[in-house]
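Novice: how would this look folded up:
(one chain, ligands or ions: 3)
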Amino acid sequence: MKKIIRNGTIVTASETYQADLLISDGVISSIGKSIEVEGAEVVDATDRYVFPGGIDPHTHLEMPFGGTVTKDDFETGTIAAAFGGTTSIIDFCLTEKGKPLSEAIKTWHDKSKDKSVIDYSFHLMISEINDKVLDQLPDVINQEGITSFKVFMAYKNVFQADDETLYRTLLAAKEHGALVMVHAENGDVIEYLTKEALAKGQTEPIYHALTRPPEVEGEATGRAAQLTGLASSQLYVVHVSCKEAADKIAEARKKGYDIHGETCPQYLVLDQSYLEKPNFEGAKYVWSPPLREKWNQEALWNALRTGQLETIGSDQCSFDFSGQKDLGRDDFTKIPNGGPMIEDRFSILFSEGVRKGRISLNQFVDITSTKSAKLFGLFPKKGTISIGADADLVIFNPETKRKISADTHHMAVDYNAFEGMEVTGEPETVLVRGDFVIKNKQFVGTPGSGQYLKRAKYGKTTNLADKPMMIQ
Ligand code: URP
Ligand code: ZN
Ligand code: ZN
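Specialist: Ligands and ions are numbered 1, 2, ... in the order given. You can find the predicted model right below:
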């Protein structure tokens, strides 16, 4: 059935204006004043913003990690994402050395296909590079539409790849049209600092942060940037947490390198002192890179405002406090790394960013949606409001005040890292390809209705639906 989104304030990365939207066959088919179509369902968006659906470029759903598996799967995780205004995610598909890449991709398809309530795609982890792996990459890109590869520079003896692997991945990405993503921390130095701390009996959660200081993130970011320049390739640095790393990205961009940076809501509003909470509560805030001293937050906001950092990922990687984070009660290295962030990404950026004057409304859309669509081969099908684009829309009340809490969130975990934080602004209704997933703050979606997204190569755009459009 056709739908009309009536009288909302449409916000894109470049424009803000009042109009009606007509949705036909899942796409935006008309934008204009006082659209009338017989039989169409009318959704009143008066006094509401209408945003393009959020794109979360960084999630870990049902992922084995740290001796356990992340608590939110593709059903609970995407339901929570939808409540938070996200209509597409890109999840990290883990690979194992020596095994075909197609096996890992199949595992990720099996986990997601009957569960996801929003659209989704995968990034592929590269753990080794050899002729066998290189031979498989064209199929990964052309058949699967996976056009971004992740290399870990940390997690020694688990995920960490060496510099040769990173460099050769950059060369392959350049050749085939993919974007390389890095987790930039110096894993070797972290391993040494960790052993030193444990030998001194320093086992509490705060030592997770103290053994991964900002310098190891800055160093790895700078190294990855230099290798990108050498390879004339393209790089996306995930979860930038501190000024050291943001500065390295800015420096490389100044030289003309094709480098992009993402930060996460947690680094913008929480700080290192949370890891010192008593009764092991600090474990709730253990993820990598760690939370930093508070002064870094303003540096990250500045980098977002000036475009040196361009996107915000949730780095959703949720573990229960009770039964999972507990694994590290006597040894911080055994606390599974990660936190539950998928639901609050949009609200925190709006409330702390737009409402507090740190970024503009149009920058908010760019950071939460448009830029990810452009970098990861989804634009203009996703990431904007224009004729022919998928009708992935968020009807957002900018005035609602609410307190974030585990009592009311929709993630499957037993705590919320932003517990008690008051935010202004809330998604009320969320549509994916024209279908309601959230309607008046109620979940009305269907597990399995999310579609797998094959993405365009780096720097290329998607084709829009080949349907006749009405221009009013
Ligand atoms: O601690 C984190 N960030 N866990 C998820 C895996 C990663 O490093 O992104
Ligand atoms: Zn990471
Ligand atoms: Zn991550």
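
Novice: The nearest residue to L227 once chain neighbours are set aside: how many residues sit nearby?
Specialist: Computed as Cβ to Cβ, 6 or more residues apart in numbering, the closest residue to L227 that is not its neighbour in sequence is Y167, at 5.1 Å. Every C-beta, even on glycine, is put in place using the N, C-alpha and C of the backbone. If you count neighbours by other Cβ atoms under 10 Å, Y167 ends up with 19.

Novice: Please apply the same query to E298.
Specialist: By other Cβ under 10 Å, the residues close to E298 number 12.

Novice: how about low-confidence regions in the chain?
Specialist: 465-472 (pLDDT under 70).

Novice: Next to ligand 1, which bits of the stretch 251-400 of the chain? Give me the list.
Specialist: For the stretch 251-400 of the chain, the contact set with ligand 1 under Cβ under 6 Å from any ligand atom comprises 287-288, 315, 317, 337-338.

Novice: before we move on, the earlier item: please list all residues in contact with the residue nearest to L227.
Specialist: Taking Cβ atoms under 8 Å, 6 or more residues apart in numbering as the criterion, Y167 is in contact with 227, 230-231.

Novice: In strands, which of those appear?
Specialist: With DSSP state E as the criterion, strands contain none of the contacts of Y167.

Novice: With distance to A80 and neighbour count as extra columns, can I get the residues you listed in a markdown table?
Specialist: Converted to a markdown table, the contacts of Y167 look like this (distance: Cβ to Cβ, whole Å; neighbours: other Cβ atoms under 10 Å):
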| residue | distance to A80 | neighbour count |
| --- | --- | --- |
| L227 | 36 | 21 |
| L230 | 40 | 12 |
| A231 | 37 | 20 |
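
Novice: Inside helices: which ones of these?
Specialist: Counted as lying in helices by DSSP state H, out of these, are 227, 230-231.

Novice: same for ligand 1: which of those residues are within range?
Specialist: Near ligand 1, by the rule Cβ under 6 Å from any ligand atom, you find none of the ones in helices among the contacts of Y167.

Novice: Go through these and name the one nearest ligand 1.
Specialist: L227 (19.3 Å; Cβ to the nearest ligand atom).

Novice: The closest one contacts T165, doesn't it?
Specialist: No. Using Cβ atoms under 8 Å, L227 is not in contact with T165, being 10.6 Å away.

Novice: list the contacts for L378?
Specialist: 55, 88, 121, 372, 453, 455-456, 462.

Novice: From ligand 1, how far off is it?
Specialist: For L378, the distance to ligand 1 (Cβ to the nearest ligand atom, to the nearest Å) stands at 21 Å.

Novice: Let's verify that residue: helix, strand, or coil?
Specialist: coil (DSSP: H, G, I helix; E, B strand; the rest coil).

Novice: ok, now how distant is it from G85?
Specialist: Going from L378 to G85 by Cβ to Cβ, to the nearest Å gives 16 Å.

Novice: which bits of the stretch 1-150 of the chain sit near ligand 1?
Specialist: Contact residues, the stretch 1-150 of the chain versus ligand 1 (Cβ under 6 Å from any ligand atom): H60.

Novice: Which single residue of the stretch 1-150 of the chain ends up nearest ligand 1?
Specialist: Closest contact between the stretch 1-150 of the chain and ligand 1, by Cβ to the nearest ligand atom, is at H60 (5.2 Å).

Novice: looking at it, that residue is touching D91, isn't it?
Specialist: Yes. Assessed by Cβ under 8 Å, H60 is found in contact with D91 at 6.8 Å.

Novice: More neighbours: these two, which one.
Specialist: Legend: neighbour count by other Cβ under 10 Å for H60 and D91, higher for D91 (25 against 22).

Novice: residues contacting the more buried one?
Specialist: Neighbouring residues of D91 by Cβ under 8 Å, 6+ apart: 59-61, 74, 108, 112, 120-123.

Novice: since we're on T169, how many residues are nearby?
Specialist: Here the count is done by other Cβ under 10 Å, and T169 has 27 residues near it.

Novice: Oh, that last question was meant for N142, not what I typed.
Specialist: Considering only other Cβ under 10 Å, N142 is surrounded by 14 other residues.

Novice: same question, the one 10 residues further on
Specialist: Look at F152: counted by other Cβ under 10 Å, it has 25 neighbours.

Novice: my read: it touches H183, true?
Specialist: Yes. Assessed by Cβ under 8 Å, F152 is found in contact with H183 at 4.6 Å.

Novice: list residues touching both of these two?
Specialist: Common contacts of F152 and H183, defined by Cβ under 8 Å, 6+ apart, comprise F159.

Novice: Please, where are all the helices along the stretch 351-472 of the chain?
Specialist: For the stretch 351-472 of the chain, applying DSSP state H, counting those that start in this stretch gives helices covering 361-365, 371-375.

Novice: Who are the packing partners of the first one?
Specialist: Which is helix 361-365. For helix 361-365, the elements it packs on are strand 3-11, strand 49-52, judged by 3 or more Cβ pairs under 8 Å, 6 or more residues apart in numbering; DSSP states H and E.

Novice: Deepest in the core, which of those strands is it.
Specialist: When the helices and strands packed on helix 361-365 are scored by mean count of other Cβ atoms under 10 Å, the highest mean neighbour count falls to strand 49-52 (a mean of 26).

Novice: ok, back up a step: list buried residues within the residues of the stretch 251-400 of the chain next to ligand 1.
Specialist: 287-288, 315, 317, 337-338 (16 or more other Cβ atoms under 10 Å).

Novice: List the ones among these that fall in strands.
Specialist: Counting by DSSP E, no part of those is found in strands.

Novice: could those be laid out in TSV, adding distance to M411?
Specialist: Conversion of these to TSV gives the following (distance: Cβ to Cβ, whole Å):
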residue	distance to M411
W287	15
S288	20
D315	13
C317	11
N337	17
G338	12
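
Novice: Run through the strands of the stretch 201-350 of the chain in chain order.
Specialist: Along the stretch 201-350 of the chain, counting by DSSP state E, counting those that start in this stretch, strands occupy 234-237, 258-263, 311-312.

Novice: contact partners of the shortest one?
Specialist: If I follow you right, that is strand 311-312. Applying Cβ under 8 Å, 6+ apart, the external contacts of strand 311-312 come out as 57, 260-265, 304, 345, 349, 367-368, 371-372, 375.

Novice: G448 contacts S116, correct?
Specialist: Yes. Contact criterion Cβ under 8 Å: G448 and S116 qualify, at 7.1 Å.
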